[in-house]
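J.: fold the following for me, if possible:
(chains A and B)
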Number of protein chains: 2
Amino acid sequence: MLTYNLADTGSDALYTYLYKCIRQDILTGKIRAGQKLPSKRTLAKNLGISVITVEGAYGLLTAEGYVYSLPKKGFYAADPELMPAAGQAVHAGNMVLTGGSRAYLADLTSNQTDTAIFPFSIWTRTMREVMAEDQEALMVNPPCGGIMALRESIAAYLADFRGMSVNPEQVIIGAGTEYLYSLLIQLLGRDRRYGVENPGYHKAARVYEEMGAGTAYIGMDAEGIRIDELEAKAVDVIHVSPSHHFPTGHVTPISRRYELLAWASRGEERYIIEDDYDSELRLGGKTIPTLQSIDASGRVIYMNTFTKTLCSTVRISYMVLPYPLCERFYEKLSFYSCTVSNFEQYTLARFMADGSFEKHINRLRSFYQKKRDSLLTAIRRSPLAKRAEIYEEEAGVHFLMKIRTDREEEAYTAAVRAGGVRLKPLSAYYFREEGSPSETSRDNTYVINYSSVREEVMAAAVQVLYEAAAAGTKSKTKT
Amino acid sequence: MLTYNLADTGSDALYTYLYKCIRQDILTGKIRAGQKLPSKRTLAKNLGISVITVEGAYGLLTAEGYVYSLPKKGFYAADPELMPAAGQAVHAGNMVLTGGSRAYLADLTSNQTDTAIFPFSIWTRTMREVMAEDQEALMVNPPCGGIMALRESIAAYLADFRGMSVNPEQVIIGAGTEYLYSLLIQLLGRDRRYGVENPGYHKAARVYEEMGAGTAYIGMDAEGIRIDELEAKAVDVIHVSPSHHFPTGHVTPISRRYELLAWASRGEERYIIEDDYDSELRLGGKTIPTLQSIDASGRVIYMNTFTKTLCSTVRISYMVLPYPLCERFYEKLSFYSCTVSNFEQYTLARFMADGSFEKHINRLRSFYQKKRDSLLTAIRRSPLAKRAEIYEEEAGVHFLMKIRTDREEEAYTAAVRAGGVRLKPLSAYYFREEGSPSETSRDNTYVINYSSVREEVMAAAVQVLYEAAAAGTKSKTKT
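T.: The predicted structure is shown next:
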C-alpha cells in the first residue's frame, strides 16, 4: 500500500505534493511498471485525505503519462522507458528495478519465454540426475571457455543442424551475449570501430559504447548490410544477423554474404560477428549457409544463445572463435572464470546429449507456429484486417505489421497502451544520425513479437489495436 | 590415447619430433595439466616405435618441466602456468582448456569446494521446490540488478551478520566478482586509476587492465594499505580487503579504516571497493565493522561472493552500491541483463530465507576448522614442524607457512610438485615494479590453502613438504 508523509508539503498544494510522491516512486521503480495503483477511494481513506485530492494527483499523473487507466479496471503505473514526455526527469532518477512485466493484457515487445513451453519436468529431472551423478565434476572449476561436455554438445549440434565444422575448444560459453560482446571487445581492442545494423538490435551498440569502443551505425538495403557504408565509415568489426535480421526479418542472400567476407579479407584485422540468435526458430523460408561455414580466412565470429530456445532467464550463450582469435583468447583472457554455473552447464550438456534439446526445439517450433497462426487468424477475423499489412511472418517469433491510421506513431502507441497492449514501432529500431531526415520511416509499421502473448487474449488485443487505429479517423494532420 | 603422425619428422630425430608433438599438446591444453601420460612401453607399442625413443622424448619433456614424474606412478603433464622455464613458448600457444585439477595428491593453491561440504541434498530439494512452485516467476526477466527476493535476503543477511544497513535496490547481483569489476569500471570510468593491494589478489588488476583502466600497485604495512602511496600514485579507486587481506591474512584496524575513509572523502570521485570475500569463514579473531557500515559519505562499494560459502562453480556474487552510484548505475547500465540464471537466484533466495544458508555456514566453519586442525596436527607430528613457522592461521581457509630449507623457492616448489603437491609462494602474490629490489621477499613463505585437501592425504602431503625441505641441505648457495 502506498503511504506518504503528507504532514509537510512545503509550498505545494496537497494534490501536487501527492502527485510528486507517486511520480517519484514510479520513476525509482518502487511502484513497478504495470503495477495497479490503489483506487482513489482507498488511497484517500488510507492517507486520510479527500477523494478530490487523490483525483487531482491521479489526473496529473495520467496527463503526464506516468500512469494509464484501463476502463473499468483502474489506474496502472506506466513503464518509465515508454514515457514519451518524461524525458529528463526519467533519466535523472530512473531506477528501473523491475524487469519484463506480466501486467499488460498483451506485451508485443517482450521476449519472455512462455511458461507453457519451458520443459520444466525434463529440465528438473535432468538437473536432479546431474546433482546425483556428477557431484565430483560439478565442484571442479571449469575451463575459462566452459565445461568440455557442453562445448562438445554444441559443436555436434552446429554440425548436425547448421552444417558447421567446429572444434569444442573454439566454443566459448558465457552468461548472455552481452557478456560475450564485452569479452570480444577486450579481445579485439577498444581502439577498433564496431559497426551495428541500422535498423537493428541496438543493445549491442550500447555495450560497445559503454565498453569504450567506437561504434558506427550501418544502413541496410533489401539484401542486408551495405558494404559501401562499411568502407565509408571505416568499420573494423561488423555485427550482423544475416540468417534473420532483427527486426525486419530480412535474410541476407549468398551473394551479399560473399561480399561481406570479401570486405573482411581486405583488411588486416577486420572481423564479422555473425549473430544467429534465432536460427532454430525459423518457421519457414530458405536456409543459407552461415557465414562461419563459408569463411576461409578466419574472420567470422559466430554467436548464438539458448535464451531464445530454452528460456530468457537461464543465461547461457556461446560464441565460436576462428582459430587465430581462439589462441589470442586463451593467451590474453583465459584468466577469467566462466560466468555460467557448472550446474546449468552440465544440465544443458546432458539435455543436449540425450536428445531432449532437439525434441524441445521441434516442440517449440510448432508451439510458436500455432501461436503465430492464431494471431494471424485473430487479425483476419477482425476489422483490423482491412487496416493492416503483414510482412515477414516466416521469421522467428515476430513479424511486421503496417497499420493504416490517421494517428501518428506516438499517439497510436499511447492509445493501444491505454488498452493494455504494449507495442514498439519499427522506427524505434532506427538510429538517427544528427542531420539525417528523421521522420521518413515513421509509417506506423510495428514489430509484433508474439512469443509471450497468450492465445486467450489475442482477440481482445487485436480489438484494441483496431479501435486505436479507427479512432484516429479525424481530420488528417499530415500534409 | 596419444597418436601422432611420425611419417615425416623433417630434419628432427624421431625422439625430438615426438617431444615436440607432446609439448605442443600440453601447451595447447589437448593434454590437460595433471593428466597422466601413457607409460613408455604403451606409447611405444601404439606408435610402433622403440621404447628408447619414447624414453628420449619423456626425458626431454621432464628436463624442461613440461612433464613431471611421480615415483611408481608414471608421467604427468605439468601445468603450463607453473612452468618456470617455458616462458615465451607458453605465451605463444597457451590454450588452457583445463580448469582446476584434481590430479594432485594435494593442491594447496586451489579454492575448489570440497565435494563433501556442498549441501547437495538440501540444494537439490530447494531447487526442485522452486521449479515446482515458482514457474511463473522463473520465466519473468529479472531486473538488471537481480531478483528482488535474493537482494532482500542478502540485505537481511548483511544486517544480521555484518551489522550493515542496506536496501535491496543497492544490491547488484552478478556472475562472479570479476564480472562486477567490469561493471564498476563502466560505472566509474576507464579514465580513473584503480589501485590494488600489493601483495594481493592480482586477478582484479588483470580485469582492470584488460578493461583499459589505469592500475597501480599499492604497498601494505602491518595495518593495511598505505595511505601515502595512494596519494603518491594518484589513485582514484582502491580495491582493498580490510577484513582479511589475501594472502597475508592481516586485518586492517579501525584507525586505518578511518584514515582510508578520510582519504576517499578528500577527492571528488574517490571510491573504496571493499572486498569482504571470506568474512563468513573467519575462524576466530576480532570483528571490526566493515568500511561500508562506517562510511558516511557514500564512497564505499561493498563486494562479496557466494563462491566461497556455497561453491566456487555456482557463479553468484554481489556488490552494494552507495546511493549516488546506485542512481548512476540504473541510469547508465540498467540495460544490461542480469548475468545469473533466475533458477539459481530463486534457489539461493529460498535457501537463505528458510535458514539453510546460515546452517550451512555454521557447518562450513566447523568443517574448515577441523580441516585446519588436522593439517596443523599432521605438521606438528612430522619432522617438518622443526622447519616450519605458521602464521595467520585464524584466517579463512588458508594460512602462511615459512619453511626453513636451503633450496630457493623455485627449486622447492618444483621438488614438492614432483611429489604431487602444488604450492604457491607468498612472493608470487607480489607485483614487482621495474627497478624495485625483486628478491627481498623470496623467503620460502608459502600460502597454504587447505580448502580442497582431503584429510586422508594430509600426512603424505606433509611428508612431501618435509622431504623436499630436508633434501635441500646441501652447501648453502645464499650469501
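J.: looks like residue A:462 contacts residue A:377 (just checking).
T.: No. Under the criterion of Cβ atoms under 8 Å, residue A:462 makes no contact with residue A:377, lying 9.7 Å away. In short, each C-beta sits where N, CA and C put it, glycine included.
J.: which of those two has more neighbours?
T.: Neighbour totals were compared for residue A:462 and residue A:377, and residue A:462 leads with 23 against 13 (other Cβ atoms under 10 Å in any protein chain shown).
J.: that one should be in a helix, yeah?
T.: Yes. Assessed with DSSP: H, G, I helix; E, B strand; the rest coil, residue A:462 lies in a helix.
J.: separation between it and residue B:361?
T.: Relative to residue B:361, residue A:462 is positioned 54 Å away (Cβ to Cβ, to the nearest Å).
J.: residue A:265 too?
T.: Plainly put, residue A:265 is 56 Å away from residue B:361 if you go by Cβ to Cβ.
J.: same deal with residue A:259?
T.: Counting by Cβ to Cβ - residue A:259 and residue B:361 are separated by 59 Å.
J.: repeat that for residue A:430.
T.: Counting by Cβ to Cβ, the gap from residue A:430 to residue B:361 is 52 Å.
J.: look up the closest residue to residue A:361, ignoring the ones flanking it.
T.: Of all residues not flanking residue A:361 in the chain, residue A:280 sits nearest, at 5.2 Å (Cβ to Cβ, 6 or more residues apart in numbering or on different chains).
J.: got it, and residue A:281?
T.: Using Cβ to Cβ, 6+ apart, the nearest residue to residue A:281 is residue A:396, at 4.5 Å.
J.: just residue A:271 next, same as before
T.: Closest residue to residue A:271 apart from its sequence neighbours, by Cβ to Cβ, 6+ apart: residue A:237 at 4.7 Å.
J.: dig out what the one you found forms beta bridges with.
T.: Counting by DSSP bridges, residue A:237 forms beta bridges with residue A:194, residue A:271.
J.: residue A:277 and residue A:202: what is the separation?
T.: 14 Å.
J.: got it, and residue A:79?
T.: The value you get for residue A:79 to residue A:202, if Cβ to Cβ is used, is 17 Å.
J.: re earlier: residue A:430 and residue B:361: which is more packed in?
T.: For residue A:430 versus residue B:361, neighbours defined as other Cβ under 10 Å are more numerous around residue A:430 (19 against 15).
J.: quick one: contacts for the spatially closest residue to that one that is not a sequence neighbour?
T.: In space, and not counting its chain neighbours, residue A:430 is closest to residue A:199: 4.6 Å by Cβ to Cβ, 6+ apart. Contact analysis of residue A:199 by Cβ atoms under 8 Å, 6 or more residues apart in numbering or on different chains lists A:220, A:247-248, A:426, A:429-431.
J.: which two of those residues have the greatest separation?
T.: Farthest-apart pair in these is A:248 and A:431; separation 14.2 Å (Cβ to Cβ).
J.: same drill for these two, tell me which one is more crowded.
T.: residue A:248 (22 against 16).
J.: correct me if wrong: that one contacts residue A:221.
T.: No. Between residue A:248 and residue A:221 there is no contact under Cβ under 8 Å: 10.9 Å.
J.: any idea which element the closest residue to residue A:117 other than its chain neighbours lies in?
T.: In this structure, residue A:117 finds its nearest non-sequential neighbour in residue A:367, 5.2 Å apart by Cβ to Cβ, 6+ apart. Residue A:367 belongs to helix A:356-381 when assigned by DSSP states H and E.
J.: what's that helix packed up against?
T.: The helices and strands touching helix A:356-381, judged by 3 or more Cβ pairs under 8 Å, 6 or more residues apart in numbering or on different chains; DSSP states H and E, are helix A:120-133, helix A:342-353, strand A:388-391, helix A:458-470.
J.: go again using 6 Å as the cut-off
T.: helix A:458-470 (3 or more Cβ pairs under 6 Å, 6 or more residues apart in numbering or on different chains; DSSP states H and E).
J.: which residues touch the closest residue to residue A:368 other than its chain neighbours?
T.: Leaving aside its chain neighbours, residue A:368 sits nearest to residue A:397 (5.4 Å; criterion: Cβ to Cβ, 6+ apart). Taking Cβ atoms under 6 Å, 6 or more residues apart in numbering or on different chains, we find residue A:397 in contact with A:281, A:368, A:451.
J.: and residue A:397, its phi and psi?
T.: phi -120, psi 20 (degrees, to the nearest 10).
J.: just the one 4 residues further on next, same as before
T.: Reported as degrees, to the nearest 10, the phi and psi values for residue A:401 are phi -130, psi 120.
J.: gap between it and residue A:353?
T.: Using Cβ to Cβ, we find residue A:401 at a distance of 40 Å from residue A:353.
J.: of the two, which one has the most company?
T.: residue A:401 (25 against 16).
J.: any idea what residue A:198 is bridged to?
T.: Bridge pairing for residue A:198 - DSSP bridges - gives residue A:219.
J.: where in chain A is pLDDT low?
T.: Residues of chain A meeting the criterion pLDDT under 70: A:1, A:63-64, A:71, A:80-103, A:283-286, A:395, A:433-440, A:472-479.
J.: what sits against residue A:349?
T.: A:149-150, A:153.
J.: can you pick the most crowded of those?
T.: Counting by other Cβ under 10 Å, top hit in the contacts of residue A:349: residue A:150 with 29 neighbours.
J.: please enumerate the strands of the stretch 101-250 of chain A.
T.: A:106-107, A:171-174, A:193-198, A:214-221, A:224-225, A:237-240 (DSSP state E, counting those that start in this stretch).
J.: CSV for those, including mean neighbour count?
T.: Compiled in CSV, the strands of the stretch 101-250 of chain A are given as follows (neighbours: other Cβ atoms under 10 Å in any protein chain shown):
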stretch, mean neighbour count
strand A:106-107, 24
strand A:171-174, 26
strand A:193-198, 24
strand A:214-221, 18
strand A:224-225, 25
strand A:237-240, 26
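J.: any chance of these in JSON lines, plus distance to residue B:470?
T.: Below are the strands of the stretch 101-250 of chain A laid out as JSON lines (distance: least, Cβ to Cβ, whole Å):
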{"stretch": "strand A:106-107", "distance to residue B:470": "72"}
{"stretch": "strand A:171-174", "distance to residue B:470": "46"}
{"stretch": "strand A:193-198", "distance to residue B:470": "59"}
{"stretch": "strand A:214-221", "distance to residue B:470": "60"}
{"stretch": "strand A:224-225", "distance to residue B:470": "68"}
{"stretch": "strand A:237-240", "distance to residue B:470": "57"}
